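K.L.:
Next come a sequence and a model predicted from it.
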Amino acid sequence: MRIEDKYGSPDERYSYKSALIDWMRRTHEPVRAGRITVRIAEKLGFCWGVDRAVAMVWDAIRKNPGRRLWLLNQIIHNPKVNEDFRQNGVQFIFGKYAEPGGFNRVQKGDVVIIPAFSAEVEHLMRMEAIGCEIVDTTCPWVEKPHRRVRKYVEEGCTVVIHGQPGHDETRATCSLVDSLHGKWLVLRGHEDADLLCAALRGEAPLAPLRGRFLQQSSRDFDPERDLSRIGMVNQTTMLATESAEIAKKVGAAVAARDASTLRLPVAKAPASFKDFDTICPATQDNQDAVIALTGATPPDLFLVLGGYDSSNTANLLRAAHARYGTYHVQEPSSIAADAIRHRDPTTGQEAITYGWLPSGPLQIALSAGASTPDTELAAVIRKLAEAVGASVTEPQSAATAS
């Protein structure tokens, strides 16, 4: 039996369970503490793919006493979880938790764990050459764009990705395209898409795109040669509405270019553009739940909990509305009565906002990225209560929940 076969039910939590959060999910009731009322989004926190990946690492730790275990990079973008693994003897090959040396420290017979984001092809080849045992926790939804880009390359399309350049998942996708001798281009948002579309429509020259996207395209990308056919996918954790808008823009620009070149009506232009929505369903569900929680009646405050590196967490903040403030916090210790430590959505840097808690009764809405454990969510609710001089009394059903 493959290890992942144990984790077949998206409805069951395998790791970092919280009785309080279980109760809130089951009853749809808020937590009231002093002058605050805290509600959580209907869908939030660990998705099945993340929960499965984390559980697989704990299994590998239990089943391999005395063996050296390595994570290729962060298993997920959550400091608490990665630090827990480090404290239990797992070493990191790349990323912020790694010691110098990379693969030079890995030996035959070691266990190497591939994160939920997947891995670059050259890293997979290096692991096979070393002869280490591989535990692959790649999320099945991350494999979806991989299957699609294989098809695009076979059809002669340049792969255009709506994603974050440098993100683990996007790097893995680009590496796959490179290994297939295809071409790729990453669009981080509307500004990049507008530049591309203007050039496609003939409103700007194509050649300068090479310099503009030098760090966001395949090594030998040539805009004048490689944009005749485009196949589009998105990083699975992007803002779904933005991905749909960008795909629509690019598709319309390609159709306008082809119609002009061939002197045909746009409706009769050849199909030189293909799009396949690869947003993860859990990402979509979490975004929809935030919109539902904060849309019709915006709360006083909205907090989203998750690692600063987490794409899907940052996009939950973009989907939210609140009367006084929206904050992306990385850990429960970020919250205090007089100040809140959070990620500035404009600069991407950590900031501290003082006097963040308005006076009087407060309605607070809470969500969390797909890499955030339920135990951390519960800790945030307790910190919010402490910030107003109160405490959380868990309902009796929560205290006894499994």
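P.N.:
On my side now, so go ahead.
K.L.:
Output the longest strand anywhere in the chain as PDB, restricted to C-alpha atoms.
P.N.:
For the chain, the strand with the greatest residue count under DSSP state E is strand 362-368. Extracted in PDB, the C-alpha atoms of strand 362-368 (Å, rounded to 0.1, in the frame of the first residue of the first chain):
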ATOM      1  CA  LEU A 362     -16.600  44.200  18.000                       C
ATOM      2  CA  GLN A 363     -17.600  41.700  15.400                       C
ATOM      3  CA  ILE A 364     -14.400  39.900  14.200                       C
ATOM      4  CA  ALA A 365     -14.300  37.600  11.200                       C
ATOM      5  CA  LEU A 366     -11.500  35.000  11.000                       C
ATOM      6  CA  SER A 367     -10.200  32.900   8.200                       C
ATOM      7  CA  ALA A 368      -6.900  31.000   7.600                       C
END
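K.L.:
quick one: contacts of it?
P.N.:
Outside strand 362-368, the residues that touch it by CB atoms under 8 Å, 6 or more residues apart in numbering are 35-41, 44-45, 286, 289-290, 293-294, 299-306, 313, 316, 320, 322, 376-377, 380-381, 384, 388. Every residue, glycine included, has its C-beta placed from N, CA and C.
K.L.:
now, which of these lie within strands?
P.N.:
Going by DSSP E, the strands hold 36, 37, 38, 39, 40, 301, 302, 303, 304, 305 from the contacts of strand 362-368.
K.L.:
quick one on the thing from earlier: buried among the contacts of strand 362-368? Need that as a selection in ChimeraX.
P.N.:
In ChimeraX syntax, the buried subset of these is picked out as below (16 or more other CB atoms under 10 Å):
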select :36,37,38,39,40,41,44,45,286,289,290,293,294,299,300,301,302,303,304,305,306,313,316,320,322,376,377,380,381,384,388
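K.L.:
hmm, back to that, and the ones in strands among the contacts of strand 362-368 as JSON lines, adding distance to residue 140 and pLDDT?
P.N.:
Below are the ones in strands among the contacts of strand 362-368 laid out as JSON lines (distance: CB to CB, whole Å; pLDDT from 0 to 100):
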{"residue": "36", "distance to residue 140": "38", "pLDDT": "98"}
{"residue": "37", "distance to residue 140": "37", "pLDDT": "97"}
{"residue": "38", "distance to residue 140": "33", "pLDDT": "98"}
{"residue": "39", "distance to residue 140": "31", "pLDDT": "97"}
{"residue": "40", "distance to residue 140": "26", "pLDDT": "97"}
{"residue": "301", "distance to residue 140": "35", "pLDDT": "98"}
{"residue": "302", "distance to residue 140": "30", "pLDDT": "98"}
{"residue": "303", "distance to residue 140": "30", "pLDDT": "98"}
{"residue": "304", "distance to residue 140": "25", "pLDDT": "97"}
{"residue": "305", "distance to residue 140": "25", "pLDDT": "97"}
